[in-house]
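Asks: would you be able to build a 3D model of this:
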Amino acid sequence: MALYQPLRLLEMIVYHRENAAIMRIKEVKSLYPYQFLFSDVHKSSIALFINEVINKAVKEESHAKELCDFLINSLIALDQSQRPENFHLTFLIQLSRYLGFGPQNAHEVLGGRLVSAEDEIILQQLLESDVVHTAMDYLSRKNLLEAMLRFYSSHIENFGEMKSVQVLHDVLS
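Replies: Numbers count the residues shown, from 1 in each chain. You can find the predicted model right below:
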């Protein structure tokens, strides 16, 4: 049962039957055994958030191979990350590109909403390199996360409220 936990990376051999909604699993094994993802409270909180985002945002199977590779690589990177506190922000930006609405500049994400000049610069850095080169405090991280979630809500029908955001705020504060 431990293999079937949310976000576990699995290799599976599955029998597909036409006209059947349920597939039969012949073989299953771990693709990548996490070292820290479930034992580190910061990483597990980010994983909880990522899981909720995936469930709300990924609805189609277009570009399934590329999206799957991205998700696998992202989860492995999170597990191996030395400083994961901004990982969820870069994940949201990168995922939006796979979903077809990736922003080109900070103004697209902010949509006319005012944030500090420093936060706008950090967001632009994230968009350009997917890495934050400057230190980000809790308030900046919170403001940019809210901006990214509003951006997602404007592009994904019925995206709704994220229940894991409060957990993320509490753990990363």
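Asks: what packs against the worst-scoring helix or strand of the chain on mean pLDDT?
Replies: Within the chain, no helix or strand scores below helix 165-172, which has a mean of 85 by mean pLDDT, DSSP states H and E. With contacts defined as 3 or more C-beta pairs under 8 Å, 6 or more residues apart in numbering; DSSP states H and E, the packing partners of helix 165-172 are helix 41-57, helix 138-155. Just so you know, the C-beta spots here come from the backbone N, C-alpha and C atoms, and that holds for glycine as well.
Asks: and the angle from it to helix 138-155?
Replies: When axes from the mean of the first three to the mean of the last three C-alpha atoms, to 10 degrees is applied, the directions of helix 165-172 and helix 138-155 differ by 160 degrees.
Asks: buried ones in helix 165-172, by neighbour count?
Replies: Within helix 165-172, the residues scored as buried using 16 or more other C-beta atoms under 10 Å are 165, 167-168, 171-172.
Asks: could you dump those to CSV with distance to E85?
Replies: Listed next are the buried residues of helix 165-172 as CSV, based on distance: C-beta to C-beta, whole Å:
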residue, distance to E85
V165, 15
V167, 14
L168, 10
V171, 9
L172, 5
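Asks: kindly indicate which of those lies nearest C68.
Replies: Nearest to C68, judged by C-beta to C-beta, of the buried residues of helix 165-172 is L168 at 24.1 Å.
Asks: low-confidence ranges, this protein, go.
Replies: 61-62, 130-134 (pLDDT under 70).
Asks: let me see the ranges of the strands in it.
Replies: Along the chain, counting by DSSP state E, strands occupy 10-15, 24-30.
Asks: so which of those strands gets nearest N105?
Replies: N105 lies closest, by C-beta to C-beta, to one member of the strands of the chain: strand 10-15, at 37.6 Å.
Asks: buried residues in stretch 52-64, which are they?
Replies: For stretch 52-64, by 16+ other C-beta under 10 Å, it's 52-54, 56-58.
Asks: ok, those residues vs G112, which is closest?
Replies: Of all the buried residues of stretch 52-64, G112 sits closest to A57, with 23.0 Å by C-beta to C-beta.
Asks: surely that closest one touches F159?
Replies: Yes: look at A57 against F159 with C-beta atoms under 8 Å: they come within range, at 7.0 Å.
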